[in-house]
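K.L.:
what's the 3D shape of this:
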Amino acid sequence: MDDYVIKCGTLIDGTGREPVKDAKILIRNNRIARIEQKGGTDLDNFPNIVDASNKTVLPGIIDSHKHVLNCGGDGVGVGLTVAQAKENIHQIYKGGVTSVLDLGSANIIELITKLPQKQPKIFYAITILTCPNGYPGEYMDRKFYKMGSVAECETESDIKKAIKKLYKKGVSTIKTAVVTRTFDGRPQVCWTDKQLQALTDEAHSYGLKVCAHITYKDDYAQAARCGIDSIHHAAFDGKMYEKDLDDMINKGIVFVPTLSLIDLMVTGLKENWINQKDYNPPVSDAIKENMRNFTKAFQECPDDKPVGNLFVKVPKEELCRIPEIQLENVKEYIKRGGTVAMGTDSSLGFSLHTTPVREIELLAEAGLSNVEAIKASTLTAASVFGKENEIGSIETGKLADILVVNGDVAQNLSALNNTEMVFINGKKIYHKD
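P.N.:
Sure thing, here's the model as predicted:
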């Protein structure tokens, strides 16, 4: 059906406004043509009706930090096959995520978006731009550089050429890294201010925003003063500096803390998920075996030693403290008035390509109301890559990316696990049996 009306029990529009009861949404030509509030009757007898009158209706979830081609365990690219990539995509939209920003999956991501299957909107950065021998060189195999995952730039000319090349490939953002320490504490070469400012200026000249991977508290200041638009990951290593938080807020930087990545990793390892009979993640046997080996390495590892092959080379006891440290940093950012967006950084450990409820719950735990957490996971997430005028909220004129959920999401975020229908560009691509 081309034109239809969704009758909503509760409408959460993604803007942060309070939920509305008994609204109706007219979908026409893939877009939201009209929203009728309670009391209106013009759309009651529309010929094509989707009855969600006892459900919650909200915008499709947007994950603003994703790696579609990663699959769980303790290493990059473990167990990746075409079949697994297709399954990842299926799990993403089935879980209510209608758009993702893929921040590093090599040139193959362009082909993935053209697979003949249902899929979410996949926006991408393709390549991490870094300085010579900069992050992620400490752990990433050079074969991934050859596949386009990473490009090293030294001169301003190098930076301009790299950004122009990515722009021509149709990227939605530029990704870089501001990291001055390795995961085992050694000094790590990083951008100079001049280089980083040249990168952000050049990206902005093409209308592209810049995302920065940062993990250590000493590195946020440089990102804030050099024009970064969004910072991804909350600090691992202690309390972030108040001045840096305020500078980030004053510059309008969106913080994408990816709290659930290590939260789920540590919980899954501690609770031995992969060996529980009722735990059956949608990954191949090879990946499950990798997860078993990862769990065994964790369980047998002394507290003062790093765990197995995990690239985060910190002692086990420090790894287990990271979720609490990150959450406290995000609490402070929100308390001071900062803007946060939802991104999972899946999929490593046990942060898989399913409904990102844990990430959204952690944003609420950090200080957002449930409605604000939905906004962070929809409209604000879209702003990370400059698409907030097209997607991310249920407003007239926007593309109709919409979820129908069985449950009261405003009161209980876990209801997002009960997604019954998913619409992308107005077309129903998933309906729970």
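
K.L.:
What count of nearby residues applies to S53?
P.N.:
14 (other Cβ atoms under 10 Å). Yep, even glycine has a C-beta here, placed from its N, CA and C like the rest.

K.L.:
With the one 10 residues further on instead?
P.N.:
D63 has 29 neighbours, counted by other Cβ under 10 Å.

K.L.:
same thing with Q188?
P.N.:
Q188 has 20 nearby residues by other Cβ under 10 Å.

K.L.:
Need the pLDDT of it.
P.N.:
We have a pLDDT of 93 for Q188.

K.L.:
Same check on the one 10 residues further on?
P.N.:
A198 carries a pLDDT score of 98 in this model.

K.L.:
quick one: it and E154, what's the gap?
P.N.:
In this view, A198 and E154 are 11 Å apart by Cβ to Cβ, to the nearest Å.

K.L.:
Then L69?
P.N.:
With Cβ to Cβ as the criterion, L69 and E154 are 28 Å apart.

K.L.:
wait, is R321 part of a strand?
P.N.:
No - applying DSSP: H, G, I helix; E, B strand; the rest coil, one finds R321 to be helix, outside a strand.

K.L.:
who's more crowded, A198 and E154?
P.N.:
A198 (22 against 10).

K.L.:
Check what pLDDT the residue nearest to that one when sequence neighbours are not counted gets.
P.N.:
Ranked by Cβ to Cβ, 6 or more residues apart in numbering and with sequence neighbours excluded, the top spatial neighbour of A198 is E156, at 4.8 Å. We have a pLDDT of 97 for E156.

K.L.:
Phi, psi for E156 please.
P.N.:
For E156, the backbone dihedrals (degrees, to the nearest 10) come out as phi -60, psi -40.

K.L.:
What is the neighbour count of it?
P.N.:
Neighbours of E156 using other Cβ under 10 Å come to 15.

K.L.:
L264 now?
P.N.:
With other Cβ under 10 Å as criterion, L264 counts 23.

K.L.:
from what I can see it touches E361, true?
P.N.:
No - in this structure, L264 is not within contact of E361 by Cβ atoms under 8 Å, at 11.2 Å.

K.L.:
list the contacts for A33?
P.N.:
A33 is in contact with 3, 26-27, 396, counting by Cβ atoms under 8 Å, 6 or more residues apart in numbering.

K.L.:
Just give me the longest strand of this protein.
P.N.:
strand 49-59 (DSSP state E).

K.L.:
and that strand, average pLDDT?
P.N.:
Strand 49-59 comes out at a mean pLDDT of 97.

K.L.:
still on that earlier bit, would TSV of the contacts of A33 with distance to C226 and pLDDT be doable?
P.N.:
Shown next, in TSV, are these (distance: Cβ to Cβ, whole Å; pLDDT from 0 to 100):
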residue	distance to C226	pLDDT
D3	48	93
L26	45	97
I27	42	97
T396	38	98
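
K.L.:
So which of the residues you listed sit within strands?
P.N.:
Among these, the residues falling in strands (DSSP E) are 26-27.

K.L.:
Show me which of the contacts of A33 are buried.
P.N.:
Buried members of the contacts of A33, counted by 16 or more other Cβ atoms under 10 Å: 26-27.

K.L.:
which one of the contacts of A33 is nearest E328?
P.N.:
T396 (39.8 Å; Cβ to Cβ).

K.L.:
Confirm for me that the closest one is in contact with I27.
P.N.:
No - using Cβ under 8 Å, T396 is not in contact with I27, being 11.1 Å away.

K.L.:
where along the stretch 1-150 of the chain do the helices fall?
P.N.:
Secondary structure of the stretch 1-150 of the chain, counting by DSSP state H, counting those that start in this stretch: helices at 82-94, 109-112, 142-146.

K.L.:
CA atoms only for the first one, dumped as CSV, please.
P.N.:
It stands for helix 82-94. Output in CSV follows, covering the C-alpha atoms of helix 82-94 (Å, rounded to 0.1, in the frame of the first residue of the first chain):
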residue,chain,number,x,y,z
VAL,A,82,29.1,-13.2,3.4
ALA,A,83,26.4,-15.2,5.2
GLN,A,84,27.3,-13.7,8.5
ALA,A,85,27.3,-10.2,7.1
LYS,A,86,23.8,-10.8,5.7
GLU,A,87,22.7,-12.2,9.1
ASN,A,88,24.1,-9.1,10.9
ILE,A,89,22.0,-6.9,8.6
HIS,A,90,18.9,-8.9,9.2
GLN,A,91,19.4,-8.7,13.0
ILE,A,92,19.9,-5.0,12.8
TYR,A,93,16.6,-4.1,11.1
LYS,A,94,14.7,-6.8,12.8
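
K.L.:
Who are the packing partners of that helix?
P.N.:
Here helix 82-94 touches strand 419-424, strand 427-431, going by 3 or more Cβ pairs under 8 Å, 6 or more residues apart in numbering; DSSP states H and E.

K.L.:
same thing with the shortest one?
P.N.:
In this structure, helix 109-112 packs against strand 121-124, with contacts taken as 3+ Cβ pairs under 8 Å, 6+ apart.

K.L.:
who touches the strand it packs on?
P.N.:
Identification of contacts with strand 121-124 by Cβ under 8 Å, 6+ apart yields 68, 89, 98-103, 105, 109-110, 112-113, 171-173, 385, 387, 391, 401, 424.
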